[in-house]
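In: got a sequence here, can you build the structure:
(4 chains)
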Number of protein chains: 2
Amino acid sequence: MNKISDKTKGDKTKQNLIDAGMELFGEHGFTATGTRMIVQKAGVNISAIQYYFGGKEGLYRAVIEHIAERIGSHINPLAEEIKVEFEKGGKSREAAAVCIEKAVRGLLNMMIKSREARKWALIVMREQAIPTPAFDILYDSVMAKAHGLLSRIIAAGACIEPDSDEACLRAHAVIGSVLGFLSAKETVFRRLGTAEYTKEHFRILDVLLPAMAVSSFNAEADGAAK
Amino acid sequence: MNKISDKTKGDKTKQNLIDAGMELFGEHGFTATGTRMIVQKAGVNISAIQYYFGGKEGLYRAVIEHIAERIGSHINPLAEEIKVEFEKGGKSREAAAVCIEKAVRGLLNMMIKSREARKWALIVMREQAIPTPAFDILYDSVMAKAHGLLSRIIAAGACIEPDSDEACLRAHAVIGSVLGFLSAKETVFRRLGTAEYTKEHFRILDVLLPAMAVSSFNAEADGAAK
DNA sequence: GTCTATAGTCGGATAGAC
DNA sequence: GTCTATCCGACTATAGAC
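Out: You can find the predicted model right below:
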């Protein structure tokens, strides 16, 4: 047996608990998820939560850390790629437009299209709305970076200060236009008459959302576009 | 004593329970909110929940109904006003632009600026993300109407079918760009370094969000704006 | 209509055998 | 490292006095 690549039985138990926790905490929230529910889904004994994570709360923190790590592994390469392209384009308005389209499509791919993300999504949304102490982990390792990069690109495109409130708010409006399809999906599905987004819906969003993002460059401070 | 205008003691108890429930269900969610918590905040006896609402679940439904009614009283007049103006403008592209700016500012006023709305907001967001049976009430009395009106205006502005998926998705992107400032406010606040939106932030959003909404007319089906 | 007292259930955590 | 058995507190709901 290879000591490095083989998982010990304990590691497998831990992983099962985190997987089950991610799904159940997302579906029902922290309080409404019972430890008995979790261990049943994970197929482990109830005492394992105490043993490995010190309790239900510790398991929750571990779940958040795991999510932060997984999201990071998706967005960090994309962010790096965009940053390089942005620098290469001399931080021009044209480079900014290309970069923001790429960023928005990346966000759409990661948060709306990906099946894996559906599990994270609900937990992250809950933390956004009513943060627990664990939100710090998410914010520091994911939100701040992604939001900051988008703000800088939009600032370049709109010719405003990168660290201004205005850049931050514009970036957030762009993010909101994408994530609304996740956080309010029940309403969209009812209006569309479907139970899932289809390829045709994504085709529309792939064009619409980047275009709206680029348009955020143009809002003038003295009135709306005429 | 005037029999019509005076509230009976029972009515007052009911109202106190609904008020307390709205705040606490919003802050902690349904499961995490205990009946003891509610009656303490409402200043009534614990049995009152059973007596007046048949149990915790019944109180929750009553809270949702109350929210739907309050939101309706805000948006129905606005929707009516917009509808009239839209017809009067001959459903032209120009009329659509004016109307959608008005609608977005109305949404911003109601959901982000208003203090009262902060109490609704969390409950509505939770229902959006993980709907309970009570979501039907919200959807039928509020979401469907607001979303439908916005879709029709955008369809007119973008010259597409009012009942098409595309119109629905565009409307939703616009709504998302506004509501993101509510549902992800923790992230925005940390980025801005504040604990509340200020007048200056609203000044920026009052210009930015309507402009982005109007821009949603322009996204071309064959590629992004160049 | 309002209250107290309590029933009955289920939660997370723990002790100790293996 | 895993399991069973059990504790204790918190929960919702109810019965019945006033």
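
In: below-threshold pLDDT in chain A: ranges please.
Out: Within chain A, the stretches with pLDDT under 70 are A:1-6, A:220-226.

In: which parts of it sit against DNA strand C?
Out: Where proximity means Cβ under 7 Å from any atom of the strand, the interface of chain A facing DNA strand C comprises A:33-37, A:46-47, A:49-50, A:55-57. Every C-beta, even on glycine, is put in place using the N, C-alpha and C of the backbone.

In: what is the burial count for the closest residue to A:Phe189 other than its chain neighbours?
Out: With sequence-adjacent residues excluded and distances taken as Cβ to Cβ, 6 or more residues apart in numbering or on different chains, A:Phe189 is closest to A:Ala195, at 6.0 Å. Using other Cβ atoms under 10 Å in any protein chain shown, A:Ala195 is surrounded by 7 other residues.

In: re the thing from before, JSON lines for the residues of chain A next to DNA strand C, including neighbour count and distance to A:His147?
Out: Supplementary listing: these in JSON lines, determined by neighbours: other Cβ atoms under 10 Å in any protein chain shown; distance: Cβ to Cβ, whole Å:
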{"residue": "A:Thr33", "neighbour count": "22", "distance to A:His147": "29"}
{"residue": "A:Gly34", "neighbour count": "13", "distance to A:His147": "35"}
{"residue": "A:Thr35", "neighbour count": "17", "distance to A:His147": "34"}
{"residue": "A:Arg36", "neighbour count": "9", "distance to A:His147": "38"}
{"residue": "A:Met37", "neighbour count": "15", "distance to A:His147": "34"}
{"residue": "A:Ile46", "neighbour count": "11", "distance to A:His147": "39"}
{"residue": "A:Ser47", "neighbour count": "10", "distance to A:His147": "40"}
{"residue": "A:Ile49", "neighbour count": "22", "distance to A:His147": "33"}
{"residue": "A:Gln50", "neighbour count": "14", "distance to A:His147": "37"}
{"residue": "A:Gly55", "neighbour count": "12", "distance to A:His147": "32"}
{"residue": "A:Lys56", "neighbour count": "17", "distance to A:His147": "30"}
{"residue": "A:Glu57", "neighbour count": "14", "distance to A:His147": "27"}
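
In: identify the farthest-apart pair in those residues.
Out: A:Thr33 and A:Ser47 (17.4 Å; Cβ to Cβ).

In: ok, now which ones touch A:Leu78?
Out: A:102-103, A:106 (Cβ atoms under 8 Å, 6 or more residues apart in numbering or on different chains).

In: which residues touch the closest residue to A:Pro131 other than its chain neighbours?
Out: Using Cβ to Cβ, 6+ apart and skipping the chain neighbours, the partner closest in space to A:Pro131 is B:Glu186 (4.9 Å). B:Glu186 makes contacts with A:127-129, A:131, A:135, A:139, as judged by Cβ under 8 Å, 6+ apart.

In: could you dump the contacts of A:Leu78 to a markdown table with distance to A:Leu205 and secondary structure?
Out: Shown next, in a markdown table, are those (distance: Cβ to Cβ, whole Å; DSSP: H, G, I helix; E, B strand; the rest coil):
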| residue | distance to A:Leu205 | secondary structure |
| --- | --- | --- |
| A:Lys102 | 15 | helix |
| A:Ala103 | 14 | helix |
| A:Gly106 | 13 | helix |
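
In: tell me how chain A divides into domains.
Out: Following automatic domain parsing, chain A resolves into domains at A:1-54, A:66-215.

In: tell me the phi and psi of A:Pro162?
Out: phi -60, psi -30 (degrees, to the nearest 10).

In: now it. Nearest residue, chain neighbours left out?
Out: Counting by Cβ to Cβ, 6+ apart, the residue nearest A:Pro162 is A:Ala155, at 3.9 Å.

In: same check, this time on A:Leu122
Out: Computed as Cβ to Cβ, 6+ apart, the closest residue to A:Leu122 that is not its neighbour in sequence is A:Gly26, at 3.7 Å.

In: enumerate every residue touching the one you found.
Out: Counting by Cβ under 8 Å, 6+ apart, A:Gly26 touches A:119-123, A:126.

In: report the two of the contacts of B:Glu186 separated the most.
Out: Top of the distance list for the contacts of B:Glu186 (Cβ to Cβ): A:Ala129 and A:Tyr139, 13.6 Å.

In: so is the longest helix along chain A next to DNA strand D?
Out: In chain A, taking DSSP state H as the definition, the longest helix is helix A:56-88. No. Residues of helix A:56-88 contacting DNA strand D under Cβ under 7 Å from any atom of the strand: none, with a closest distance of 13.5 Å.

In: buried residues in that helix?
Out: Within helix A:56-88, the residues that count as buried by 16 or more other Cβ atoms under 10 Å in any protein chain shown are A:56, A:59-64, A:66-68, A:71, A:74-75, A:78-79, A:82, A:86.
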